[in-house]
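J.: The sequence and its predicted three-dimensional model are supplied below.
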Amino acid sequence: MVRFRQKRFAAVAAVLVALTLVVGCSGETSVDDGTDVSGADVTDETGEDASDNSGDEDANTNDNSENGNSNSNSNNSNDGVYVQILDGDKTVDIPGDYSTLQQAVDELSAKYRPQQGTRIILNIESGHAPSSGLQVEGGDFGHFWIRSEDSTVTVAGDFSGDFLRGDYARLPVLDALIDMDGQGEDGVYFGESSTARIKADAGIMNAAENGVFGWNGRMYMENSVVTGSGVDNLRISNSDVHARFSDLSGADRNNLRASYGSSVRSTFCDLSDAGAHGVYAVRSRVIAESSDITNAGQHAVFANRGSTVHLTENNGISDLSNPGSRGIFATNASTVEGQEVQVHGASNEGVRAQQNSTVSLRDSDLENNDRAAAAVSGSRIELLNATARNSTSSSDLVVLDGGMIVADGTQTTSGSPAVGDVNLGSFNQWEARGVIFD
């Protein structure tokens with residue numbers, strides 16, 4: 001067996017020697033990396049000509065060395081598409097350079113990669129009436145800013161859809177005031193996991209549906225304008241919105257509607273002249289301190305299903321006067337608290353809490369309403385150092401079905417308070433209707 005293996009090894013060695021001699025006599029050579037240099041066409045592992053590829057490498061080297069000296073330098077992105085790096089703002093005109101906002105964003109997104117803080121300004125030229133809006137999805141488009149030469153841009157009569165819409169995206173910044181003129185649908189829609197921003201003195205007027213509609217996203221606006229919408233001015237679900245010092249007035253239904261766990265900070269806002277409610281909160285939290293919430297068609301503030309609304313004074317009163325029904329209506333385990341809140345001229349109660357809800361007001365003025373306050377069905381109203389007088393009905397303060405009112409330091413029509421101004425025979429004694437503590 002050993003002799004057999006030795007003979008087999010000797011035969012293999014002889015064959016290898018013969019092959020070496022043949023190669024040495026063929027006149028062709030090879031290099032260690034296996035690249036054939038016999039003169040035939042050669043491609044690298046990507047299938048491209050190796051000599052051309054080496055030239056590209058030289059070009060890339062030269063381009064990269066000049067990156068610090070140009071506002072738009074070529075670079076190769078991860079997907080192999082060449083884009084230009086922007087290190088300074090760039091402005092394009094609509095429709096001068098691009099016929100629509102959508103065309104501009106689509107083409108510029110493929111062409112440019114902005115550096116941090118660099119913007120691409122989409123300038124709507126004077127007199128232009130857009131007939132379509134802009135939709136983005138699945139990316140960061142926050143370096144696009146929509147601006148205009150005119151103070152207000154009115155859309156065309158055949159406009160359709162939303163003016164600005166984004167899903168799973170950071171939306172372009174709206175830095176222009178857009179008059180939807182009752183055309184299309186929503187002004188700004190920020191969808192699932194999206195972020196939107198409206199700059200000062202910019203926003204949406206007269207949207208056919210909602211001025212701003214958000215779902216499971218975030219929005220920042222300050223000193224902005226969202227007015228006159230056909231449904232709600234600001235309508236959000238499961239979203240977070242910062243909207244201080246903004247004009248959110250004149251919606252056909254609700255100026256501000258927050259639902260499904262939303263949070264809104266809308267201090268120092270104009271929330272007046274709503275067709276239904278100035279603030280409508282469902283399972284949400286709204287801060288509307290020092291805001292004008294006057295002339296609501298139904299309730300100035302409507303808190304429902306475990307919502308919380310804050311009206312605490314912050315260098316200015318919250319005025320809820322002249323509602324079509326009530327200034328504050330808290331129901332279904334909701335809470336409303338405030339300081340220096342004013343409710344005049346309500347056709348029903350200035351304040352009503354029902355179904356285990358709580359309203360707490362300090363230093364507030366509830367005058368000239370049908371009734372100042374009513375606590376119903378296990379609810380509680382606290383009026384601390386308030387005025388609750390001159391009601392048009394027989395009682396300033398009313399409790400029903402186990403309600404409670406704490407009127408500590410509160411002035412009613414005839415006293416501070418007076419038994420004749422309530423619907424009970426005495427203070428501090430439980431009755432079937434409830435109790436009023438003085």
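T.: Okay, I see it.
J.: Kindly report the domain assignment for the protein.
T.: When the chain is parsed with automatic domain parsing, its domains come out as 71-237, 248-438.
J.: Might you report the residue contacts of G275?
T.: Each residue near G275 by CB atoms under 8 Å, 6 or more residues apart in numbering is listed here: 251-254, 297. For the C-beta atoms, the positions are set from N, CA and C on the backbone; glycine is no exception.
J.: cool, F437 as well?
T.: Applying CB under 8 Å, 6+ apart, the residues near F437 are 404-408, 427-428.
J.: make it 7 Å
T.: By CB atoms under 7 Å, 6 or more residues apart in numbering, F437 lies in contact with 406-407, 427-428.
J.: And those, which of them are buried?
T.: Taking 16 or more other CB atoms under 10 Å as the criterion, what is buried in the contacts of F437 is 406-407.
J.: So which of the contacts of F437 are in strands?
T.: V406 (DSSP state E).
J.: would you turn the contacts of F437 into JSON lines with distance to N210 and pLDDT?
T.: Formatted as JSON lines, the contacts of F437 follow (distance: CB to CB, whole Å; pLDDT from 0 to 100):
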{"residue": "V406", "distance to N210": "39", "pLDDT": "98"}
{"residue": "A407", "distance to N210": "40", "pLDDT": "97"}
{"residue": "F427", "distance to N210": "47", "pLDDT": "97"}
{"residue": "N428", "distance to N210": "48", "pLDDT": "97"}
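J.: and the closest residue in space to V398 that isn't next to it in sequence, what are its bridge partners?
T.: Nearest residue to V398, sequence neighbours excluded (CB to CB, 6 or more residues apart in numbering): A374, at 4.3 Å. In this entry, A374 is beta-bridged to R352, V398, by DSSP bridges.
J.: swap in L164?
T.: L134, V188.
J.: Now for it: which residues touch it?
T.: 133-134, 171-172, 174, 188.
J.: quick one on the thing from earlier: any chance of the contacts of F437 in CSV, plus distance to S194?
T.: Shown next, in CSV, are the contacts of F437 (distance: CB to CB, whole Å):
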residue, distance to S194
V406, 44
A407, 47
F427, 54
N428, 54
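J.: Tell me the spacing between the residue nearest to V398 and V422.
T.: 11 Å (CB to CB, to the nearest Å).
J.: so D401 makes contact with V376?
T.: Yes: using CB atoms under 7 Å, D401 makes contact with V376 at a distance of 5.6 Å.
J.: between these two, which one's more packed in?
T.: V376 (21 against 14; other CB atoms under 10 Å).
J.: sec struct for L108, please.
T.: helix (DSSP: H, G, I helix; E, B strand; the rest coil).
J.: Find the nearest non-adjacent residue to it, please.
T.: That would be I120: by CB to CB, 6+ apart, it lies 5.7 Å from L108.
J.: Give me the neighbour count for that neighbour.
T.: Neighbours of I120 using other CB under 10 Å come to 21.
J.: Which stretches in this protein count as helices?
T.: Assigned by DSSP state H, the chain shows helices spanning 2-25, 50-65, 101-111.
J.: Mean pLDDT lowest where, among those?
T.: Ranked by mean pLDDT, the helices of the chain end with helix 50-65 at the bottom, a mean of 37.
J.: tell me the centre residue of the protein?
T.: Geometric centre of the chain, nearest residue: M219, 2.5 Å, by CA atoms, centre = their mean.
J.: Quick one: residues contacting that residue.
T.: 190, 196-197, 212, 241.
J.: at 6 Å what do you get?
T.: 196, 241 (CB atoms under 6 Å, 6 or more residues apart in numbering).
J.: next one: E137
T.: Applying CB under 6 Å, 6+ apart, the residues near E137 are 167, 169.
J.: Please report how far it lies from R165.
T.: From E137 to R165 the distance is 9 Å (CB to CB).
J.: Count residues in the vicinity of S377, would you?
T.: By the criterion of other CB under 10 Å, S377 has 15 neighbours.
J.: and the residue lying closest to it once chain neighbours are set aside, how far is that from R113?
T.: In this structure, S377 finds its nearest non-sequential neighbour in D401, 4.4 Å apart by CB to CB, 6+ apart. Computed as CB to CB, the D401 to R113 distance reads 65 Å.
J.: Just the C-alphas of stretch 113-129, formatted as CSV.
T.: In CSV, the C-alpha atoms belonging to stretch 113-129 read as follows (Å, rounded to 0.1, in the frame of the first residue of the first chain):
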residue,chain,number,x,y,z
ARG,A,113,-27.7,66.7,-1.1
PRO,A,114,-27.8,69.7,1.3
GLN,A,115,-25.4,70.1,4.2
GLN,A,116,-26.7,70.7,7.7
GLY,A,117,-28.5,74.1,7.8
THR,A,118,-28.7,74.5,4.1
ARG,A,119,-32.1,75.3,2.5
ILE,A,120,-33.6,75.1,-0.9
ILE,A,121,-36.1,77.9,-1.2
LEU,A,122,-39.2,77.2,-3.4
ASN,A,123,-40.2,80.7,-4.3
ILE,A,124,-43.8,81.1,-5.6
GLU,A,125,-43.6,84.0,-8.0
SER,A,126,-45.9,87.0,-7.9
GLY,A,127,-49.4,86.3,-9.3
HIS,A,128,-49.0,82.6,-9.6
ALA,A,129,-52.0,80.5,-8.5
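J.: Next, count neighbours for A110.
T.: A count of nearby residues for A110, using other CB under 10 Å, gives 11.
J.: any idea how far it is from V92?
T.: 14 Å.
J.: How many residues are close by G338?
T.: So G338, with other CB under 10 Å, has 25 neighbours.
J.: Which residues are in contact with it?
T.: G338 touches 311-312, 318, 361, counting by CB under 6 Å, 6+ apart.
J.: Throw the residues you listed into a markdown table and include neighbour count, pLDDT and distance to S151, thanks.
T.: Below are the contacts of G338 laid out as a markdown table (neighbours: other CB atoms under 10 Å; pLDDT from 0 to 100; distance: CB to CB, whole Å):
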| residue | neighbour count | pLDDT | distance to S151 |
| --- | --- | --- | --- |
| L311 | 33 | 96 | 33 |
| T312 | 18 | 81 | 35 |
| S318 | 32 | 95 | 30 |
| L361 | 29 | 97 | 40 |
